[in-house]
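Asker: the amino acid sequence is not available; the structure is as follows:
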């Protein structure tokens, strides 16, 4: 029998604790390996997560969302540059709707831009949100853990802003930044309205452009109609391309995190896991209600059509019967 | 005691069968009243729906969705004009994300545009999609019935294209038109990718602009990668502002409806009701999973975080316990 040398991949996974130690020593290949295994939820993932567990809970997760054209990627890059000057270790997760049109290369330009940041203090991974129509893929939650275990201080989570992404970022991030910009048009303004509900901090990007002050005033006006803590959401003007306003944004993020983010990392991690479960449960229930063949479902559907039963009451009956 | 004359509103609702007869005779005020009652699901709604029931099942529901800037409203107007020349009776439902920024007047321009179509053969209602982040409000399903009972041949359902709207239109409409246009940028291209999954017909609007042929070829290329019936989705170039291509679109819609739309209206109406129930069930389950306080949920969340339990399996356990 001939003894064969194990492949680097096999070696990486044979000793998860050693892999985590190498991640924490800043070895990019080790982090890359761990992220890939967790993204795919491979058979090695549970042992890896076990080895990571003592090191979890330090990273702050900051979500960036907003309508197309607001300049989210540019802002994430500018903020990353600022944080690197403060010697923070950064992980970036870009959630990219999988695109059959472009072959998945939507973020190609973005990746090239980020290459300028590609020192050992920044690690970026883009994830395709297959099957969720622009939503945030569950893999993002596991990749957050990998970055956390690798010693990243801050994980930046960027999504292409669609309805589902907004909801997802609100569930997953510790701090939620909603990015807007002047001159995006009515359709885009409309999309932004839902975003107000989930924002901890509002950014008007492209603040050097005409209409930025007006956009900021509109947002403040909308916020002033609200009561409770959300009435005090800061509205900050930033020009990501020059970096103007980025330090003030960093201060606002720090202030929010100090005042509002749970100190107990278990609380934050469980919230993320519950989001995954809720999402899966909604999918299961939806599948059953939409495609289930029994007569009871038709009877309930007919009662809803007749206006004698509310959809929520029909849903309650079905859930009790599952 | 003084006898008071009943108000017109009370009279309308005192005799639902008479109201429905007036709707079917083309009286706008009657249709407006019925739509409002169903939209609000008022106490009069069940009796109204009962009176409408014998007249339901004729209208074909055509959904228009797509990214901001694709020109959905202009296309809906152009198609409406075409259908009016064919003497079709038209109902239009525009789902408008409620906007605290603009005070809900996003569709103001749209409504003025549609005024040119405001003959007795066209009835338009815009609905705010409160609380659903751009999704389609359940009221739309009831308003479809009101238009159907009023004798509309075709109901056009237009949404601002966000992830949730796309899913909703796919559940509610009999024919799904996804509208695109050249030059919308990478972010927008990315949003479109999910739309391919729900399209029965793809329209490249603004076909007189540079890049339209390239956009059409990209869409055809993406479709060619697919197998099954969806590989044959037509890609049509239209210039809604001039009406070029609208007759060909009308033919494609007729062909699709003849080949694919269930003849039995009950099947189509039940599908819409099931969508309402599924949506409500997902909300109920999500609320419980996200905010439920029992230790079992934390235990399941921890197992998901450890990679030893899939979110879908945790969801299954929770649903069995509800």
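Answerer: Nice, thanks for sending it over. Predicted, not measured: the structure shown is a model, and the values here were computed from it. Numbers count the residues shown, from 1 in each chain, chains lettered A, B, ... in the order given.
Asker: quick one: least confident helix or strand in chain A?
Answerer: One helix or strand of chain A scores below all others by mean pLDDT, DSSP states H and E: helix A:108-114, with a mean of 47.
Asker: what residues sit buried inside the helix or strand following that one?
Answerer: Later in the chain than helix A:108-114, the nearest helix or strand by DSSP states H and E is strand A:122-128. For strand A:122-128, a neighbour-count test (16 or more other C-beta atoms under 10 Å in any protein chain shown) marks A:122, A:123, A:124, A:125, A:126, A:127, A:128 as buried. C-beta here means a position set from N, CA and C on the backbone, and glycine is covered the same way.
Asker: give me the element residue A:158 is part of.
Answerer: Assigned by DSSP H and E, residue A:158 falls in strand A:154-159.
Asker: if you count contacts, what does that strand end up packed against?
Answerer: strand A:60-65, helix A:72-85, strand A:90-96, helix A:139-149, helix A:163-172 (3 or more C-beta pairs under 8 Å, 6 or more residues apart in numbering or on different chains; DSSP states H and E).
Asker: looking at those, which is nearest to residue B:174?
Answerer: In terms of C-beta to C-beta, the element of these nearest to residue B:174 is helix A:163-172, at 23.0 Å.
Asker: the helix or strand immediately after that closest one in the chain vs chain B: in contact?
Answerer: From helix A:163-172 onward toward the C-terminus, using DSSP H and E, the following helix or strand is strand A:175-180. No. Using C-beta under 8 Å from any C-beta of the partner chain, strand A:175-180 never reaches chain B; the gap is at least 9.7 Å.
Asker: list the helices and strands strand A:175-180 packs on?
Answerer: strand A:60-65, helix A:163-172, helix A:186-195, strand A:201-204, helix A:246-260.
Asker: what's that strand in contact with?
Answerer: Strand A:175-180 is contacted by residues A:60-67, A:70-72, A:75, A:166, A:169-170, A:192, A:195-196, A:198-205, A:215, A:219, A:249, A:253, A:256-257, A:261 when judged by C-beta atoms under 8 Å, 6 or more residues apart in numbering or on different chains.
Asker: repeat the analysis, applying 6 Å as the threshold.
Answerer: A:62-66, A:70, A:72, A:75, A:169-170, A:192, A:195, A:198-205, A:253, A:256-257 (C-beta atoms under 6 Å, 6 or more residues apart in numbering or on different chains).
Asker: ok and it relative to helix A:72-85, angle-wise?
Answerer: With axes from the mean of the first three to the mean of the last three C-alpha atoms, to 10 degrees defining the directions, strand A:175-180 sits at 130 degrees from helix A:72-85.
Asker: strand A:175-180 to helix A:246-260, inter-axis angle?
Answerer: Orientation of strand A:175-180 against helix A:246-260 (the same axes, to 10 degrees) gives an angle of 140 degrees.
Asker: strand partners of strand A:175-180, parallel vs antiparallel please.
Answerer: strand A:60-65 (parallel), strand A:201-204 (parallel) (DSSP bridges).
Asker: okay, these in a markdown table with mean neighbour count next?
Answerer: Shown next, in a markdown table, are these (neighbours: other C-beta atoms under 10 Å in any protein chain shown):
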| stretch | mean neighbour count |
| --- | --- |
| strand A:60-65 | 25 |
| strand A:201-204 | 25 |
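Asker: now mean pLDDT too, for those strands, in a markdown table please.
Answerer: Output for the strands paired with strand A:175-180, formatted as a markdown table (pLDDT from 0 to 100):
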| stretch | mean pLDDT |
| --- | --- |
| strand A:60-65 | 93 |
| strand A:201-204 | 94 |
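Asker: so is residue A:272 in a helix, a strand, or just coil?
Answerer: Three-state call for residue A:272 (DSSP: H, G, I helix; E, B strand; the rest coil): helix.
Asker: per-residue pLDDT of the closest residue to it other than its chain neighbours, please?
Answerer: Spatial nearest neighbour of residue A:272, excluding adjacent residues (C-beta to C-beta, 6 or more residues apart in numbering or on different chains): residue A:141 at 4.8 Å. Model confidence at residue A:141, given as pLDDT, is 86.
Asker: now do the one 10 residues further on
Answerer: According to the predicted model, the pLDDT of residue A:151 comes to 95.
Asker: leaving out sequence neighbours, find the closest residue to it.
Answerer: Counting by C-beta to C-beta, 6+ apart, the residue nearest residue A:151 is residue A:24, at 5.1 Å.
Asker: next, work out how far apart that neighbour and residue A:46 are.
Answerer: 20 Å (C-beta to C-beta, to the nearest Å).
Asker: repeat that for residue A:309.
Answerer: Taken as C-beta to C-beta, the span from residue A:309 to residue A:46 is 44 Å.
Asker: these two: which has the busier surroundings?
Answerer: Ranked by neighbour count (other C-beta atoms under 10 Å in any protein chain shown), residue A:309 and residue A:46 place residue A:309 first, with 19 against 16.
Asker: so that one sits right up against residue A:303, yeah?
Answerer: Yes. The criterion here is C-beta atoms under 6 Å, and residue A:309 meets it with residue A:303 at 3.7 Å.
Asker: pLDDT wise, what is residue A:132 at?
Answerer: Model confidence at residue A:132 (pLDDT) stands at 45.
Asker: what is the neighbour count of residue A:7?
Answerer: Neighbour number of residue A:7 under other C-beta under 10 Å is 9.
Asker: make that residue A:279, sorry
Answerer: 26.
Asker: and whichever strand or helix holds it, average pLDDT?
Answerer: Residue A:279 is part of helix A:265-291, with elements assigned from DSSP H and E. When pLDDT is averaged along helix A:265-291, the result is 85.
Asker: how about stretch A:294-313, does it reach chain B?
Answerer: Yes. Stretch A:294-313 comes into contact with chain B (C-beta under 6 Å from any C-beta of the partner chain), by way of A:298, A:301, A:304, A:305, A:306, A:307, A:308, A:311, A:312.
Asker: tell me the buried residues in that stretch?
Answerer: Neighbour-count burial for stretch A:294-313, counted by 16+ other C-beta under 10 Å, picks out A:297-298, A:300-301, A:303-307, A:309-312.
Asker: what helix or strand is residue A:301 located in?
Answerer: Going by DSSP H and E, residue A:301 is in helix A:295-305.
Asker: any idea which of the helices and strands packed on strand A:154-159 gets closest to residue A:11?
Answerer: helix A:139-149 (18.4 Å).
Asker: re earlier: and chain B, which of the buried residues of strand A:122-128 contact it?
Answerer: Within those, nothing lies near chain B by C-beta under 6 Å from any C-beta.
Asker: make TSV from the residues you listed and add pLDDT and distance to residue A:79 to it.
Answerer: TSV is the format used below for the buried residues of strand A:122-128 (pLDDT from 0 to 100; distance: C-beta to C-beta, whole Å):
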residue	pLDDT	distance to residue A:79
A:122	91	11
A:123	91	15
A:124	88	13
A:125	86	17
A:126	82	17
A:127	79	20
A:128	69	24
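Asker: tell me the one of those nearest residue A:149?
Answerer: Closest to residue A:149, out of all of those and judged by C-beta to C-beta, is residue A:123, at 11.9 Å.
Asker: find the nearest non-adjacent residue to that closest one, please.
Answerer: Using C-beta to C-beta, 6+ apart, the nearest residue to residue A:123 is residue A:91, at 5.2 Å.
Asker: now residue A:308
Answerer: residue B:46 (5.2 Å).
Asker: how much space between that neighbour and residue B:55?
Answerer: Taking C-beta to C-beta, one finds residue B:46 at 16 Å from residue B:55.
Asker: if we can go back for a sec, closest one to residue B:7 among the helices and strands packed on strand A:154-159?
Answerer: helix A:163-172 (40.2 Å).
Asker: tell me where the model's unsure across the stretch 1-150 of chain A.
Answerer: Confidence mapping of the stretch 1-150 of chain A against pLDDT under 70 gives the ranges A:1-6, A:8-9, A:96-118, A:128-137.
Asker: rerun at 90
Answerer: For the stretch 1-150 of chain A, applying pLDDT under 90 flags the ranges A:1-14, A:39-43, A:45-46, A:50, A:53, A:56-58, A:65-73, A:94-121, A:124-142.
Asker: thought residue A:304 was touching residue B:273?
Answerer: Yes. Counting by C-beta under 6 Å, residue A:304 does reach residue B:273; the two are 4.5 Å apart.
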